[in-house]
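> What follows is a predicted structure for the sequence shown.
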Amino acid sequence: MLDRNSTALLVIDYQEKLLPKINAGDAVAAQAIKLIRFAREMDLPIIWTEQYPKGLGPTVEAVAKELQGCTVFEKTSFGCMGDPAIAAAVTSANRRQLLLTGIETHVCVMQTALAALDRGYEVFIPRDAVGSRAEPEYAAGLHRLDKAGAQLVTTEMALFELLREAGTPEFKKALPLIK
């Protein structure tokens with residue numbers, strides 16, 4: 001189960017030239033925004049990446065706006081853990097659970113998750129906050145992630161697990177995101 005003191009959020013490659021091609025891309029981005037807002041409210045570390053922005057453009061404005069003040073890591077490695085600077089940022093966050101949101105499910109998200117699992121991290125994938133251009137690729141990515149030991153969740157499942165109980169100051173701060 002996700003634990004607020006053990007979790008970091010990775011926001012992977014929500015870029016201008018890629019997001020419009022993602023199946024249900026606007027809905028996926030909306031869930032990412034919800035996760036980012038929640039992570040900020042709960043003071044979770046946030047690691048933000050862009051895949052070769054020279055070719056795929058910057059992060060879409062709606063997502064980038066939520067990440068103001070965070071460092072963006074540019075990468076050419078599909079998996080985040082394949083980039084030494086990003087891997088170092090993950091390590092220095094000092095969290096054992098990684099909550100991944102991003103695109104594409106079967107490429108950058110999957111390769112990040114598989115490498116993180118190999119390094120002993122618990123990996124959580126909110127299936128409504130990741131996406132691919134084609135449904136078969138999305139489904140195959142989730143299937144492989146599930147088989148490899150990643151926890152498939154939804155955004156709402158993750159939020160409630162991290163909150164654990166109602167009536168707390170954290171719950172009251174997060175309530176607008178849940179409604």
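Nice, thanks for sending it over. These figures come from a predicted structure and were not determined experimentally.

> how many other residues sit next to the residue nearest to Glu41 when sequence neighbours are not counted?
Excluding the flanking residues, the one nearest Glu41 by CB to CB, 6 or more residues apart in numbering is Lys173, at 4.9 Å. Backbone N, C-alpha and C define where each C-beta goes, glycine included. Counted with other CB atoms under 10 Å, residues neighbouring Lys173 total 15.

> which of the residues in the helix or strand harbouring Lys173 are buried?
Element membership for Lys173 (DSSP states H and E) is helix 169-178. For helix 169-178, burial by neighbour count (16 or more other CB atoms under 10 Å) applies to Glu170, Ala174.

> CA atoms of that helix as PDB?
C-alpha atoms of helix 169-178 as PDB (Å, rounded to 0.1, in the frame of the first residue of the first chain):
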ATOM      1  CA  PRO A 169      -6.000  18.300   7.800                       C
ATOM      2  CA  GLU A 170      -4.500  16.500   4.800                       C
ATOM      3  CA  PHE A 171      -7.800  15.000   3.900                       C
ATOM      4  CA  LYS A 172      -9.500  18.400   4.000                       C
ATOM      5  CA  LYS A 173      -6.800  19.900   1.800                       C
ATOM      6  CA  ALA A 174      -7.100  17.100  -0.700                       C
ATOM      7  CA  LEU A 175     -11.000  17.000  -0.700                       C
ATOM      8  CA  PRO A 176     -11.400  19.400  -3.700                       C
ATOM      9  CA  LEU A 177      -9.200  17.100  -5.800                       C
ATOM     10  CA  ILE A 178     -11.400  14.100  -4.900                       C
END
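
> Distance of the closest residue to Gly79 other than its chain neighbours relative to Ile103?
Once flanking residues are discounted, Gly79 sits nearest to Gln111: 3.1 Å by CB to CB, 6+ apart. Between Gln111 and Ile103 the computed distance is 12 Å (CB to CB, to the nearest Å).

> which one of these two has more residues nearby?
Ranked by neighbour count (other CB under 10 Å), Gln111 and Ile103 place Ile103 first, with 28 against 18.

> Test my guess that that one contacts Val130.
Yes: the criterion here is CB atoms under 8 Å, and Ile103 meets it with Val130 at 6.8 Å.
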